[in-house]
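Asks: Here is a sequence together with a model predicted from it:
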Amino acid sequence: MIWTAPPDRAPDARQPLGLHRFTLNELLNWILLIAGAAYWGGVIRTYHHDAAIGVVSVAQSVFSDGAFNVAGCGLIAVWARRIELRDIASRWQIAGALAISLLFAVPTRQTTILGLLAVGAVLTFRSPIHTARPIAALLLGFAGEMIWTSTYLLPLHAATASFDAELCSGFLRMLGEAVQVRANVLENLGAGINVEILAACASSFPLAGVAMAFMVVMAYAHHVPRLADLPWLVAALLASVALTELRLSLMALGDANYLWIHDGEGGTLYALSATALAVLFPVLAMRQSGSVRAFAA
Amino acid sequence: MIMVVRGLFAGVLILGLAAQAARTAKTANVGATNGGAASASTGDLTAALRRLDGRVVATTPSGAVTAVLSRCSDPVTIAQIGFDGSGDGLLDRAAQSEATQRYAYLGFVGDRLDVTAIAGRWVTASALQAIGLRRDNTPAKVVLVLLPKTCPEAADLDWSILSPWS
């Protein structure tokens, strides 16, 4: 018998069968590499490629996932190199990591979510790996964003879309427009345009992305999120909702407006405004708590 | 031994990448063969209606279909209500109209939007598809049929044909 007790209580178990050079660092790097391959593989797979998949369309699919997600992955890669976990990985830790890796090998959104949650939970709670908690926070953020934008929650966003339609109709009535709402369809009777607000256009849909951006900006500045940052996060979410309502209301003003915002330069302006807001609020939060110096440094 | 463990991790990494590539290629092939999900769906609907002795006479800009049945002089309206809220406006209109409603989803047929039954079928079909026991893509749309009150016998037709299990 080699060992029977859990690794934390059995130092001898940490060097089984010539594995004395297999450190927790290497284990972490393997699992992050496999998780990254699964996550970005899924992003590329589910992206709507217009033609055969090539370098350009792969790059487009990666950036379509959001600049903050790309930045988040970059941060994880940098931190994984800096973290020093020189303890030897036990047989149990290797087996557990392999089991989670097998989850990532299944090319479905659900298994990737489960894998990210599992790695995030292990890095958060298991000693001594918990020194990698900032990585865990981002991995859990990725999982949360995947869940929030998944098919499971589409009905929730569709319900929010009806609420958005009501809100926009109130705004448009204040501008003197003759509008009526039918479920998630905003009908501008004067302009003769009906805008159907689908789940992906609802104000609730980008909120997970906004929260992720908040986390990534703070992580970049080496700021540990605290309770005092919560009002700023709420403000960021509300600003995102307001921006979406403004976008939807402008769309319902007429065909030209719709095309400009949905398919033209207005869309770029909206994306830039959303990005600016996503950066603004975490910076304000850090400024209030005094850690913006680290950001500047 | 350390090389074996490294080999195992590298193997899992390669396996994952290969599985992603295979699934990506499969998705691209399905798209190329069907010419897009929307047209395939309309084609399926037309074929299914033929089995009910009906035919499509018009399609509205919103995607709803007006059809006539051999046993009914008044037209029926068929629309697809998406999980993403597409067609919700029509659902709202249907609730206010006097038309008889039928909801079809993966073999289920009901006279109201039974969320539990639909969610159950969606979960089952998605799970079977994920483990490779189901080839067809799980639809994210429920078929809504609005039948005129003048043709009560049309309500007894097997509307599950419009969204069969397989």
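Replies: Received, thanks.

Asks: Hmm, A:L114 is touching A:L102, no?
Replies: No - at 11.0 Å, A:L114 does not count as touching A:L102 under the criterion of C-beta atoms under 8 Å. To be clear about C-beta, it is placed using only N, CA and C from the backbone, and glycine gets the same treatment.

Asks: what helix or strand is the residue in the stretch 1-150 of chain A that chain B sits nearest to on?
Replies: With C-beta to the nearest C-beta as the measure, A:G41 is the residue of the stretch 1-150 of chain A nearest to chain B, at 3.5 Å. Counting by DSSP states H and E, the element that carries A:G41 is helix A:24-46.

Asks: what's in contact with the lengthiest strand in chain B?
Replies: Longest strand of chain B, by residue count under DSSP state E: strand B:72-82. Contact with strand B:72-82 is made by A:158, A:198, B:41, B:45, B:49, B:54, B:57, B:62-69, B:86-88, B:90-91, B:99, B:113, B:140-148, B:150-151, B:153-154, B:162, as judged by C-beta atoms under 8 Å, 6 or more residues apart in numbering or on different chains.

Asks: Those, buried ones only, as a ChimeraX selection?
Replies: A single ChimeraX command selects the buried members of these (16 or more other C-beta atoms under 10 Å in any protein chain shown):
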select /A:158,198 /B:41,45,49,54,63,64,65,67,68,69,86,87,88,90,91,99,113,140,141,142,143,144,145,146,147,148,151,154,162
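
Asks: Sort out for me which of the contacts of strand B:72-82 are in strands.
Replies: Among these, the members falling in strands (DSSP E) are B:54, B:57, B:65-69, B:141-147.

Asks: Please enumerate the helices of chain A.
Replies: Using DSSP state H, the helices found in chain A span residues A:24-46, A:55-64, A:67-82, A:91-105, A:109-125, A:133-148, A:154-174, A:207-220, A:230-251, A:255-262, A:265-289, A:292-296.

Asks: Averaged pLDDT, the second one. What do you get?
Replies: Across helix A:55-64, pLDDT averages out at 87.

Asks: Now for the closest residue in space to A:L207 that isn't next to it in sequence, how many residues are close by?
Replies: Nearest residue to A:L207, sequence neighbours excluded (C-beta to C-beta, 6 or more residues apart in numbering or on different chains): A:L237, at 5.4 Å. Close neighbours of A:L237, defined as other C-beta atoms under 10 Å in any protein chain shown, add up to 19.

Asks: for chain B, longest helix please?
Replies: Per DSSP H, chain B has its longest helix at helix B:2-34.

Asks: could you check the angle helix A:91-105 makes with it?
Replies: Relative orientation of helix B:2-34 versus helix A:91-105 (axes from the mean of the first three to the mean of the last three C-alpha atoms, to 10 degrees): 10 degrees.

Asks: what angle separates helix B:2-34 from helix A:24-46?
Replies: Going by the same axes, to 10 degrees, helix B:2-34 makes 10 degrees with helix A:24-46.

Asks: Work out the gap between helix B:2-34 and the centre of the chain.
Replies: Distance, stretch centre to chain centre, for helix B:2-34: 28 Å (C-alpha atoms, centre = their mean, to the nearest Å).

Asks: show me the contacts for residue 151.
Replies: All of this refers to chain A. By C-beta under 8 Å, 6+ apart, the neighbours of A:T151 are B:F83, B:S126, B:A140.

Asks: That was the other one, I meant chain B.
Replies: B:C151 neighbours (C-beta under 8 Å, 6+ apart): B:L69, B:R71, B:C72, B:S73, B:D74.

Asks: What score does the first one have for pLDDT?
Replies: To tie it back to what came earlier, the one meant is B:L69. pLDDT recorded at B:L69 is 89.

Asks: Now it. Nearest residue, chain neighbours left out?
Replies: B:L69 sits nearest to B:G54 (C-beta to C-beta, 6+ apart), 4.3 Å away.

Asks: correct me, but the one you found touches B:A67?
Replies: Yes - with contact defined as C-beta under 8 Å, B:G54 and B:A67 form a contacting pair (5.0 Å).
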